[in-house]
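J.: here is my input, please return the structure:
(one chain, ligands or ions: 2)
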Amino acid sequence: TFAAVIFDLDGVITDTAHLHFQAWQATAAGIGIAIDAAFNAQLKGISRMDSLERILQHGGKAARYDADARARLAAQKNARYVELLAGLDRRAILPGISELLEALAQRGIAIGLASVSLNAPAILAALGLTSRFNYCVDASRLRRTKPDPEIFLTACAGLQVAPAQAIGIEDAQAGIDAINASGMRSVGIGSDLQGAGLVLDSTAQLNVPLLQAFWSTQPR
Ligand code: G16
Ligand code: MG
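T.: Numbering: from 1, shown residues only. Ligands and ions are numbered 1, 2, ... in the order given. Okay, here's the model as predicted:
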């Protein structure tokens, strides 16, 4: 059976997309760019600086902001986001996740985190889940973002597990593509996900028997 499960954070363990949205909306409004929820959906799983780039492009203002100005905007957004995170606790863990983590740990299956969020350690701590994870990738050390497989390969290396022995769980297309490119098998949460080995509507459907049944089916 599989030796490890590697989780994305936002959209899989918890859902802070609405907090990212509030923070980006305020920052973008400050420079005269309006973003709505539909646009925000495109930022799912995208790193902070890449998200800012997309927002500036969306507003037709990418050329007006150099690296320093962008760093200030990103810092402004993050300060707002971190303020909003203060309200986060165990209740924000998505359905089925606590039970799944516990069941995996009981079976000796390694548990990893592959989030591009630089706030991931603080979020895990707020959720009371830090000790559940055997290895968390440090997003600040990555050279390439999802859909590049680097983050998942780093997680496998950290867990000392071969990618072919691991399952990755993601809610974003870039994340599914990264898992597939790593040689792991992918589980997608949500809709509009192409190429995932298994797609579920909700984290509430996740459990060990279901993952074992998926694992026993022929890979792509
Ligand atoms: C998450 C979110 C993205 C966010 C990114 C970076 O990714 O889905 O919207 O832009 O983290 O977050 P931060 O600004 O905190 O570094 P993931 O990989 O956990 O789904
Ligand atoms: Mg995500």
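
J.: would you mind listing what in the chain touches ligand 2?
T.: Within the chain, the residues that sit near ligand 2 (Cβ under 5 Å from the ion) are Asp8, Asp10, Gly11, Gly45, Asp171, Ala172. C-beta: built from backbone N, CA, C; applies to glycine.

J.: where does the protein have low pLDDT?
T.: Across the chain, the ranges flagged by pLDDT under 70 are 220.

J.: neighbours around the residue in it that ligand 2 sits nearest to, how many?
T.: Ligand 2 sits closest to Gly11 of the chain, with a gap of 3.6 Å, by Cβ to the ion. Using other Cβ atoms under 10 Å, Gly11 has 21 other residues around it.

J.: SS state for Ile151?
T.: helix (DSSP: H, G, I helix; E, B strand; the rest coil).

J.: looks like it contacts Ile179 (just checking).
T.: No - with contact defined as Cβ atoms under 8 Å, Ile151 does not reach Ile179; the gap is 9.5 Å.

J.: can you tell me the element Ser186 falls in?
T.: Per DSSP states H and E: Ser186 is located in strand 185-189.

J.: sheet partners, orientation included, of that strand?
T.: strand 166-170 (parallel), strand 198-200 (parallel) (DSSP bridges).

J.: who touches it?
T.: By Cβ atoms under 8 Å, 6 or more residues apart in numbering, the surrounding residues in contact with strand 185-189 are 2, 11-12, 166-171, 176, 179-180, 195-203, 206, 211, 214-215, 219.

J.: any of these buried? List them.
T.: For those, a burial check counting by 16 or more other Cβ atoms under 10 Å picks out 2, 11-12, 166-171, 176, 179-180, 196-200, 203, 206, 211, 214.

J.: thinking again about what came up before, near ligand 1 at all, the strand holding Ser186?
T.: No - Strand 185-189 is not in contact with ligand 1 by Cβ under 6 Å from any ligand atom; minimum separation 10.7 Å.

J.: thinking again about what came up before, turn the strands paired with strand 185-189 into a markdown table, including distance to ligand 1.
T.: Converted to a markdown table, the strands paired with strand 185-189 look like this (distance: least, Cβ to the nearest ligand atom, whole Å):
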| stretch | distance to ligand 1 |
| --- | --- |
| strand 166-170 | 8 |
| strand 198-200 | 16 |
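
J.: looking at these, which is closest to Met49?
T.: Met49 lies closest to strand 166-170 among the strands paired with strand 185-189, at 20.3 Å (Cβ to Cβ).

J.: next SSE downstream of the closest one?
T.: Using DSSP H and E, the helix or strand that follows strand 166-170 in sequence is helix 173-182.

J.: just the strands from this protein, written as ranges.
T.: For the chain, the strands defined by DSSP state E occupy 4-7, 110-113, 135-136, 166-170, 185-189, 198-200.

J.: appreciated, that's everything.
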